[in-house]
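In: I would like the atomic coordinates for the input below:
(chains A and B)
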Amino acid sequence: MFVTSLPTIATMVGANRIVRGPAITHPFGLDEAERRRIVERALEMLETDVEPTTVWEVDTA
Amino acid sequence: MVRAVHYLNQFFAGLGGEEAAGTPPIRLEGPVGPGRGLAAELHGIEIAATLACGDDYFGEHEEEALAHLLELLDAERPDLLVAGPAFGSGRYGFACARFSRTAAKRLGIPALTAMHEENPGVAAAEGVVLVVPTSVNVAGMREALPRVARLAEALVSGRELGPPAEEGYLPRGFRRNEIAGKPGAERAIDLLLAKLAGETRSEVAGGFDRVSPPPPVPEVSRALLALVTEAGCVPQGNPDRLPTIRAQGWLRYQLAGARTLASGSYESVHGGFDVTLANEDPNRLVPLDTVSALAAEGRIGRIHDVFYTTTGNGTPVAASTQFGREIAAELTEAGVEAVLLSGT
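Out: Numbers count the residues shown, from 1 in each chain, chains lettered A, B, ... in the order given. Sure, this is the predicted structure:
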């Protein structure tokens, strides 16, 4: 699964499981708390049946 | 008169159905089956002979089949090879693509084939031979043959071919520079006006493949998870000289039990974004610290001890696709069930 702050490009090239990261320069967040939310969201998506090019957002703290 | 050879499978050559799919290559005189329809459409080109081969024979004995077919083809001294149309038939499309591609490469014979755009033969043609798009089944024969004929005539005419949409073939996966009659701003306005009038056009080819979403990982808490990135993340000092742009390949690095990508031990050499924040803490690109913690907590089964990296910056789609295939093959081999890929 793909973590990127540019989900539009990710869907255009056909990625199917996409979680939106906060920024190009740090797709997995700045601190560990933020990173954990992103990774947990990504793991949840890995365990979920999805339609093609699905994008999930990460809850903000 | 230009001499063409036409390639068909056992079914279209009238040799039989599945029971004849094991037939080795044979030569038939003149046009056969759909070749008769094609011959009627061709101007200045005659179908001198038809070569046919069973689809299973080709698939199961590709080397022998190709060697035999090339020998038969070469003996005809043809100016052109036409293979198919194969429509949606995967085995037939594959044989058409492999034969015509090999003929073009080894014998230098101009070749084209025709099939449905999702036929695996399109990829097997590797952009070496032209592929005319057809319907998915044989009901589209009547529409396909004139289009094959027009492209065949264009191919042997010696003139430079225009773009795929204009000439009626599938994009071959590369771009060619040309002098446009108008500057970009004017062309953009033209496209916008066309879109407002209901016609969507683009100067940029799509060409991205689509794959179905893989099924969910049943239990991430028992799975082997790997980290992959295109963020140009490498050991400090970039020992293997990963390029900052237009990478030609990818690299793999042992994590050797590390639980974090420490600043000073890893860095990003990606030339497409400001790497200051990433180099302060490379986990911001490749979250080894967090996945290690989650593995210790039992949320993730195990972390794969190798991570994969490249620079996704100005990388052609074809190269990216190849990197993806190669990395995925290694991950599959290692028993990896889940991947976190980061993109910048």
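
In: need the strands for the stretch 51-200 of chain B, in chain order.
Out: B:80-83, B:111-115, B:130-133 (DSSP state E, counting those that start in this stretch).

In: can you lay out the ones you listed as TSV showing mean neighbour count and distance to B:A97?
Out: The C-beta positions use only the backbone N, C-alpha and C, and glycine is treated the same way. Listed next are the strands of the stretch 51-200 of chain B as TSV, based on neighbours: other C-beta atoms under 10 Å in any protein chain shown; distance: least, C-beta to C-beta, whole Å:
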stretch	mean neighbour count	distance to B:A97
strand B:80-83	28	8
strand B:111-115	30	6
strand B:130-133	25	7
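
In: okay, those strands in TSV with mean pLDDT and distance to chain A next?
Out: What follows is the strands of the stretch 51-200 of chain B, written out as TSV (pLDDT from 0 to 100; distance: least, C-beta to the nearest C-beta, whole Å):
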stretch	mean pLDDT	distance to chain A
strand B:80-83	98	29
strand B:111-115	97	21
strand B:130-133	97	19
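
In: would you format those as TSV with distance to B:I26 included?
Out: Formatted as TSV, those follow (distance: least, C-beta to C-beta, whole Å):
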stretch	distance to B:I26
strand B:80-83	15
strand B:111-115	19
strand B:130-133	25
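
In: mind checking which of these is nearest B:R201?
Out: strand B:130-133 (17.6 Å; C-beta to C-beta).

In: may I have the strands that pair with the closest one, each with its orientation?
Out: strand B:111-115 (parallel) (DSSP bridges).

In: and the strand it pairs with, how far from the chain's centre?
Out: Here strand B:111-115 shows a centroid-to-chain-centroid distance of 15 Å under the convention C-alpha atoms, centre = their mean, to the nearest Å.

In: who's in contact with it?
Out: Outside strand B:111-115, the residues that touch it by C-beta atoms under 8 Å, 6 or more residues apart in numbering or on different chains are B:80-89, B:92-93, B:96-97, B:100-101, B:103-104, B:121-122, B:125, B:129-134, B:144, B:147-148, B:151-152, B:155, B:169.

In: next: stretch B:174-185.
Out: With C-beta under 8 Å, 6+ apart as the test, stretch B:174-185 has contacts from B:G127, B:R187, B:D190, B:A205, B:A318.

In: who are the packing partners of the strand or helix carrying the last one?
Out: Per DSSP states H and E, B:A318 falls inside helix B:317-333. The elements that helix B:317-333 packs onto, with contact taken as 3 or more C-beta pairs under 8 Å, 6 or more residues apart in numbering or on different chains; DSSP states H and E, are strand B:224-229, strand B:306-309.

In: which elements pack onto the helix or strand immediately after the longest one in the chain?
Out: Proceeding N to C from strand B:224-229, the next assigned helix or strand is strand B:233-235, under DSSP H and E. Judged by 3+ C-beta pairs under 8 Å, 6+ apart, strand B:233-235 is in contact with strand B:251-254, strand B:266-268, strand B:306-309.

In: residues in contact with the next helix or strand after the shortest one?
Out: Per DSSP H and E, strand B:266-268 leads on to helix B:276-280 as the next helix or strand towards the C-terminus. Outside of helix B:276-280, the residues within contact range by C-beta under 8 Å, 6+ apart are A:T25, A:H26, A:L30, B:A231, B:C233, B:S263, B:E267, B:S268, B:H270, B:R284, B:L285.

In: for the closest residue in space to B:A256 that isn't next to it in sequence, grab phi and psi.
Out: Spatially, and ignoring its direct neighbours in sequence, B:A256 is nearest to B:D305 (7.1 Å; C-beta to C-beta, 6 or more residues apart in numbering or on different chains). Here is the backbone geometry of B:D305 (degrees, to the nearest 10): phi -80, psi 10.

In: which of the contacts of stretch B:174-185 fall in helices?
Out: Applying DSSP state H to those, the entries found in helices are B:R187, B:D190, B:A318.

In: dump the residue contacts of the most centrally placed residue in chain A.
Out: Here the mean C-alpha position of chain A is nearest to the C-alpha of A:V19 (C-alpha atoms, centre = their mean), at a distance of 1.5 Å. A:V19 sits next to A:M1, A:F2, A:V3, A:I38, A:R41, A:A42, A:M45, A:V55, A:W56, A:E57, A:V58 when contact means C-beta under 8 Å, 6+ apart.

In: that older thread, how about JSON lines for the contacts of stretch B:174-185, with pLDDT and neighbour count added?
Out: Conversion of the contacts of stretch B:174-185 to JSON lines gives the following (pLDDT from 0 to 100; neighbours: other C-beta atoms under 10 Å in any protein chain shown):
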{"residue": "B:G127", "pLDDT": "87", "neighbour count": "15"}
{"residue": "B:R187", "pLDDT": "95", "neighbour count": "13"}
{"residue": "B:D190", "pLDDT": "95", "neighbour count": "12"}
{"residue": "B:A205", "pLDDT": "61", "neighbour count": "15"}
{"residue": "B:A318", "pLDDT": "78", "neighbour count": "13"}
